[in-house]
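**Q** What shape does this take:
(chains A, B, C and D)
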2 protein chains.
Amino acid sequence: MASRSTQILEAAARVIARRGVRGLRVEELAAEAGVSTGLIYYHFKDRTGILRHTLEFINDRAERYTTERDPEAEPLTAREELDEVLLLELQDTPEVRENSSAWGELRASAVFDPILREDLARATLVWVQEVAALLGQVQPMAPAATLAAAAERLTALLEGLSMRWLSGGLAIEHARALLREAVEVELTALRKP
Amino acid sequence: MASRSTQILEAAARVIARRGVRGLRVEELAAEAGVSTGLIYYHFKDRTGILRHTLEFINDRAERYTTERDPEAEPLTAREELDEVLLLELQDTPEVRENSSAWGELRASAVFDPILREDLARATLVWVQEVAALLGQVQPMAPAATLAAAAERLTALLEGLSMRWLSGGLAIEHARALLREAVEVELTALRKP
DNA sequence: GTCTATATTTCGATAGAC
DNA sequence: GTCTATCGAAATATAGAC
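**A** Model (predicted):
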């Protein structure tokens, strides 16, 4: 199941999280994945190919740990699920750190690399819509456009906070508190415009 | 007045805006500035030196266009000034685009480059405090910690929106609208906790 | 599909003349 | 202070054997 490609992509996510997109050296990636550089070029044409596939991979993985839940556990209320979806991205665990920092890197790279833009825009849209849907469950009377705007703000804020956390200017607990308050503030605003 | 160093730094800001920090080649910078690579190394020790000084430069410049106002013009109310300080960073003019994209790049680079972290953290702090002070003028009854938190959220949101704008997923007008609403929402929350 | 070895390119950095 | 010329070190990418 863990095919060679997957193994390489997992390694790529680790390397990007550690060194950044700009710091990803094919040779280091090879070492991390325990394969040769030749094999990497065999599977992913060139450096850009590696990056593109890694974005996709990161993305799928984030979707998984964001969505999947223990089937035993009590079902969450919409409000709890909302907090969960957002706060899961602000945790100091290796996997989340990896995902967040790779995501930030890819976002930053997309500014200068049109090839990455499309995938990124699509992934962002899916995420915003998910959050908007949850906001709608908490505040069913709010108009769709208002919900969408709040979702865009919350997700953009999360990205901003995440960058500050990763670049060392903001403690993770403080970042989480700020995000929680933002959810509160936005929900209050949705209640009576 | 426009010394050689300044001329090089202006060119660096342009190159970073166009190619990113990771895309900044000393040779391209030399061409853009109309000088030799040797001269660049004479003025700024090494590549990291270029980056550090460019961050400082970008920073000063942003402070200027953020703070400076036509002395003829009517003085702004605190609320207007607040909108101005924030929205000035979301404009599709060459100078702002340059500044924003260089800022985003430097932020992203700082995740993997400890040398950049300190300068960045300091600059961020100054900015957050400025915004907090303005919020305090609009809502004088709000406690300092609450003001600080709102300022952190608004500036982090701005950074997030800015990245989405620059990476092509968000129209500038929409980004501005979202930010304006966020200011509104935060001010409302400050009014009665 | 995978590896080893190597060709090729790119880029940061320096030496030395002016 | 500034330029020209060049070195040397990565780093990307390919060729060819297995």
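**Q** Could you list every helix and strand in contact with the host helix or strand of A:Ala62?
**A** Counting by DSSP states H and E, the secondary-structure element that holds A:Ala62 is helix A:47-67. Based on contacts counted as 3 or more Cβ pairs under 8 Å, 6 or more residues apart in numbering or on different chains; DSSP states H and E, the elements that helix A:47-67 packs against are helix A:4-19, helix A:26-33, helix A:94-110, helix A:114-138. C-betas here are computed from N, CA, C, even on glycine.
**Q** ok now do the closest residue to A:Trp127 other than its chain neighbours, which residues does it touch?
**A** Counting by Cβ to Cβ, 6 or more residues apart in numbering or on different chains, the nearest residue to A:Trp127 once its immediate chain neighbours are dropped is A:Thr155, at 5.9 Å. For A:Thr155, the residues meeting the contact criterion (Cβ atoms under 8 Å, 6 or more residues apart in numbering or on different chains) are A:Leu86, A:Thr124, A:Trp127, A:Val128, A:Val131, B:Gly160.
**Q** nearest to DNA strand D, of these?
**A** DNA strand D lies nearest to A:Thr124 out of the contacts of A:Thr155, by Cβ to the nearest atom of the strand, at 26.5 Å.
**Q** Need the phi and psi values for the nearest residue to that closest one once chain neighbours are set aside.
**A** Sequence neighbours aside, B:Gly169 is the residue nearest to A:Thr124 in space, at 5.4 Å (criterion: Cβ to Cβ, 6+ apart). Main-chain torsions, B:Gly169, degrees, to the nearest 10: phi -90, psi 0.
**Q** same deal with A:Glu68?
**A** Phi and psi for A:Glu68, reported as degrees, to the nearest 10, are phi -60, psi 140.
**Q** Get me the contact residues on chain A for DNA strand D.
**A** For chain A, the residues in contact with DNA strand D under the definition Cβ under 7 Å from any atom of the strand are A:Leu24, A:Arg25, A:Val26, A:Glu27, A:Thr37, A:Gly38, A:Tyr41, A:Asp46, A:Arg47.
**Q** can you put those in CSV and add neighbour count and pLDDT?
**A** As requested, the residues of chain A next to DNA strand D are exported to CSV (neighbours: other Cβ atoms under 10 Å in any protein chain shown; pLDDT from 0 to 100):
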residue, neighbour count, pLDDT
A:Leu24, 20, 95
A:Arg25, 14, 96
A:Val26, 17, 97
A:Glu27, 10, 97
A:Thr37, 14, 97
A:Gly38, 10, 97
A:Tyr41, 15, 97
A:Asp46, 11, 95
A:Arg47, 15, 95
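**Q** related to what we said a few turns ago, state the distance from the residue nearest to A:Thr124 to DNA strand C.
**A** Look at B:Gly169 and DNA strand C: by Cβ to the nearest atom of the strand, to the nearest Å, they are 27 Å apart.
**Q** Could you give the number of residues near that residue?
**A** Other residues within reach of B:Gly169, judged by other Cβ atoms under 10 Å in any protein chain shown, total 21.
**Q** what sits up against stretch A:28-41?
**A** Applying Cβ under 8 Å, 6+ apart, the contact partners of stretch A:28-41 are A:Arg4, A:Gln7, A:Ile8, A:Glu10, A:Ala11, A:Ala12, A:Arg14, A:Val15, A:Arg19, A:Val26, A:Glu27, A:Ile50.
**Q** returning to what we had before: run a quick check on the residue nearest to A:Thr124 versus A:Ala123, I expect a contact.
**A** No - in this structure B:Gly169 lies outside contact range of A:Ala123 using Cβ atoms under 8 Å: 9.5 Å.
**Q** coming back round to it: select from the contacts of A:Thr155 the one having the most neighbours.
**A** When neighbours are counted by other Cβ under 10 Å, B:Gly160 leads the contacts of A:Thr155 with 28 neighbours.
**Q** buried sites along the helix or strand hosting that residue?
**A** Here B:Gly160 sits within helix B:144-166, counting by DSSP H and E. Within helix B:144-166, the residues that qualify as buried are B:146-166, counting by 16 or more other Cβ atoms under 10 Å in any protein chain shown.
**Q** Also stretch A:86-94?
**A** Using 16+ other Cβ under 10 Å as the test for burial, stretch A:86-94 gives A:Leu86, A:Glu89, A:Leu90.
**Q** Let's have the residues you listed in a markdown table, adding distance to chain B.
**A** Supplementary listing: the buried residues of stretch A:86-94 in a markdown table, determined by distance: Cβ to the nearest Cβ, whole Å:
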| residue | distance to chain B |
| --- | --- |
| A:Leu86 | 13 |
| A:Glu89 | 12 |
| A:Leu90 | 12 |
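**Q** Let's have those residues in JSON lines, adding pLDDT.
**A** As requested, these are exported to JSON lines (pLDDT from 0 to 100):
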{"residue": "A:Leu86", "pLDDT": "95"}
{"residue": "A:Glu89", "pLDDT": "92"}
{"residue": "A:Leu90", "pLDDT": "96"}
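**Q** Kind regards, and thank you for your time.
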